[in-house]
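In: Below are the sequence and a predicted model; questions follow.
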Amino acid sequence: MIEIGRLCLKIAGRDAGKKCVIVDVLDSTFVLIDGETRRRKCNILHVEPLKNKVELKKNASHEDVKKVFEGLGLKTRETKPKQKTEKPVKKKKVSEKKKDVKKKTGKKKETKVESTLEDKAASAKKEDKTASKKTSEQVKK
């Protein structure tokens with residue numbers, strides 16, 4: 001029952017309820033369909049064969065299918081080719097630019113961690129001096 005030129009009704013998927021014709025039998029479970037539906041590979045469980053059969057060659061073009069459908073009084077799906085557009089150019093990340101600047105200048109920037117450690121050490125020395133002054137004053141009294 002599944003053969004080239006057999007009219008079918010698509011019963012599953014986005015094109016469900018539309019008529020198509022089998023253009024090629026790919027294997028025991030898949031066929032190539034075209035017509036009111038998109039030209040594509042389809043599972044035979046997703047098509048319902050009708051009693052009509054038309055004369056088509058194996059792998060007939062969409063134009064051939066269109067002529068056959070016009071003879072039957074049916075319309076085919078018309079798709080327009082997409083316009084080609086240029087792909088956008090990828091921009092460099094900001095961090096890469098900073099790396100390039102560091103390499104060119106050869107300078108290293110002081111990090112916050114280093115400066116905070118130095119500040120802590122300086123404040124610790126100040127505390128030690130004040131503590132020693134207090135103890136020396138207490139001893140004098």
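Out: Received it, and whenever you're ready, just let me know what you need. Numbers count the residues shown, from 1 in each chain.

In: pretty sure Glu36 contacts Leu72?
Out: No: in this structure Glu36 lies outside contact range of Leu72 using CB atoms under 8 Å: 11.0 Å. (Each C-beta comes from the backbone N, C-alpha and C, glycine too.)

In: Neighbour count: those two, which is higher?
Out: The residue with more neighbours, out of Glu36 and Leu72, is Glu36; 18 against 12, by other CB atoms under 10 Å.

In: On the pLDDT front, check the more buried one for me.
Out: Looking at Glu36, its pLDDT stands at 91.

In: Could I get the contacting residues of it?
Out: By CB atoms under 8 Å, 6 or more residues apart in numbering, Glu36 lies in contact with 15, 18-20, 69, 74-77.

In: Let me have the residues you listed in JSON lines, extended by pLDDT, neighbour count and distance to Leu56.
Out: Rendered in JSON lines, the data for the contacts of Glu36 read as follows (pLDDT from 0 to 100; neighbours: other CB atoms under 10 Å; distance: CB to CB, whole Å):
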{"residue": "Asp15", "pLDDT": "91", "neighbour count": "20", "distance to Leu56": "19"}
{"residue": "Lys18", "pLDDT": "93", "neighbour count": "19", "distance to Leu56": "18"}
{"residue": "Lys19", "pLDDT": "92", "neighbour count": "21", "distance to Leu56": "14"}
{"residue": "Cys20", "pLDDT": "92", "neighbour count": "29", "distance to Leu56": "12"}
{"residue": "Phe69", "pLDDT": "86", "neighbour count": "21", "distance to Leu56": "11"}
{"residue": "Leu74", "pLDDT": "85", "neighbour count": "16", "distance to Leu56": "14"}
{"residue": "Lys75", "pLDDT": "81", "neighbour count": "12", "distance to Leu56": "17"}
{"residue": "Thr76", "pLDDT": "82", "neighbour count": "21", "distance to Leu56": "13"}
{"residue": "Arg77", "pLDDT": "79", "neighbour count": "17", "distance to Leu56": "17"}
